[in-house]
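K.L.:
dropping a prediction and its sequence here:
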Amino acid sequence: MFARGAPIPTPARVAPLECLRTTVASVKAQPAVLVACGSFSPITNMHLRIFEDARDDLAQQSVDVIGGYVSPTHAKYGKASLASMPDRLNMTQLALQSSSWVNLSSWECAQSGWTRTAVVLQHFADELAQVPLNTDSDAKPEHPVKVMLLCGGDLLDTFDVIKDDGEPLWLPQDRETILRNGIVCIERKGTDLQQVIAKSKELSKYKENIYIIKPQIENDISSSSVRRLLAQGRSIKYLVPDDVIAYIKQHSLHELPTWKAQQ
Ligand SMILES: Nc1ncnc2c1ncn2[C@@H]1O[C@H](COP(=O)(O)OP(=O)(O)OP(=O)(O)O)[C@@H](O)[C@H]1O
Ligand SMILES: NC(=O)c1ccc[n+]([C@@H]2O[C@H](COP(=O)(O)O)[C@@H](O)[C@H]2O)c1
């Protein structure tokens, strides 16, 4: 558990290796690691589900997902709805206890400020490139591991956003890096991904690297809907893992002014 009110200790690795599978399905398969960057304030069952849907769909396209990471963003990302870093990390860790292949990465939160997502992914890529991969046969996998951003369609839709100060939300070189490596986008109500890609020259250029995943069971749980239910004094059972609900109650996170403001 991360101590509340204390800085986050720097972890030994960006990508803890506990759950990483180093035996790739076949020589020809493309090994991949999925990294979900986001707020996770709090983590929901749908954040966990998107990993499962993505892994199943990618397997049908000869992409062998050998591990996954949830990387909560730094407090200095500045979104009002962010619970503290220890709280978001603790809730994420509790939620991931039930996963055999997705790990928490606390690296982003241990930095002194917010880190751009492309930089986070590059750290993962640098570390994971050092991990020797093999197959059941003697032969080594033909492809090096790819680190791909896992996100909801709404995130891809922010790629062209220009902020109020006139600066792009995503630096052009960062978008390029992310798109070159591959991005796995889960369709989400309210975002037409085909349209998002078609209207952007850059996204169209890389459309082969954008894996669009249709959730097998549609579910639009979001952290904001969970916060809204809490603010209304309603139940969040079956939307969020039980241990996370217990943590929220134990530490009265539902009383956070920015969570209570959510209607
Ligand atoms: N129901 C969902 N379907 C598909 N993707 C989702 C869903 N919920 C969250 N995600 C994706 O998970 C990633 C991390 O989620 P994050 O906590 O940043 O967003 P969120 O749950 O939409 O939060 P908020 O409601 O506070 O904006 C994002 O890429 C987001 O699009
Ligand atoms: N330029 C960038 O790298 C950039 C811009 C906006 C959001 N992000 C990331 O995307 C995620 C978005 O989270 P939210 O959807 O909760 O805002 C966060 O992990 C954040 O760090 C990255």
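P.N.:
Right, received. Where do you want to start? Numbering: from 1, shown residues only. Ligands and ions are numbered 1, 2, ... in the order given.

K.L.:
how about the stretch 51-200 of the chain: which residue is closest to ligand 1?
P.N.:
Nearest to ligand 1 in the stretch 51-200 of the chain, going by C-beta to the nearest ligand atom, is Gly152, at a distance of 2.2 Å. In short, each C-beta sits where N, CA and C put it, glycine included.

K.L.:
give the contact list for Val33.
P.N.:
With contact set as C-beta atoms under 8 Å, 6 or more residues apart in numbering, Val33 has these partners: 15, 20, 65-69, 124, 128, 145-148.

K.L.:
the helix or strand hosting it and ligand 2, any residue contact?
P.N.:
Assessed by DSSP states H and E, Val33 sits inside strand 30-38. Yes. Against ligand 2, strand 30-38 shows contacts by C-beta under 6 Å from any ligand atom at Cys37, Gly38.

K.L.:
I'd guessed the residue of the stretch 51-200 of the chain closest to ligand 1 sits against Ile183; true?
P.N.:
No. Under the criterion of C-beta atoms under 8 Å, Gly152 makes no contact with Ile183, lying 11.2 Å away.

K.L.:
for Pro241, what are phi and psi?
P.N.:
Main-chain torsions, Pro241, degrees, to the nearest 10: phi -60, psi 150.

K.L.:
so it versus Ile221, what's the distance?
P.N.:
Using C-beta to C-beta, to the nearest Å, we find Pro241 at a distance of 12 Å from Ile221.

K.L.:
now do Val33
P.N.:
Relative to Ile221, Val33 is positioned 24 Å away (C-beta to C-beta).

K.L.:
so which residue of the stretch 1-150 of the chain comes closest to ligand 1?
P.N.:
Gly38 (2.5 Å).

K.L.:
list the contacts of that residue.
P.N.:
By C-beta under 8 Å, 6+ apart, Gly38 lies in contact with His47, Val70, Ser71, Pro72, Thr73, Cys151, Leu155.

K.L.:
try 7 Å
P.N.:
For Gly38, the contact set (C-beta atoms under 7 Å, 6 or more residues apart in numbering) comprises Thr73.

K.L.:
partner residues bridging it?
P.N.:
With DSSP bridges applied, the residues forming beta bridges to Gly38 are Pro72.

K.L.:
related to what we said a few turns ago, would the next helix or strand after the strand holding Val33 count as contacting ligand 2?
P.N.:
Later in the chain than strand 30-38, the nearest helix or strand by DSSP H and E is helix 45-59. No. Helix 45-59 stays clear of ligand 2 (C-beta under 6 Å from any ligand atom), getting no nearer than 10.7 Å.

K.L.:
show residues contacting helix 45-59.
P.N.:
Residues outside helix 45-59 that contact it (C-beta under 7 Å, 6+ apart) are 32, 34, 36, 40, 65, 68, 95, 99, 102, 150, 184, 186, 211, 213, 215-216, 219, 221, 239-241.

K.L.:
go again using 8 Å as the cut-off
P.N.:
For helix 45-59, contacts defined as C-beta under 8 Å, 6+ apart pick out 25, 32, 34, 36, 38, 40, 64-65, 68, 70, 95-96, 98-99, 101-102, 150, 152, 184, 186, 211, 213-217, 219-222, 238-241.
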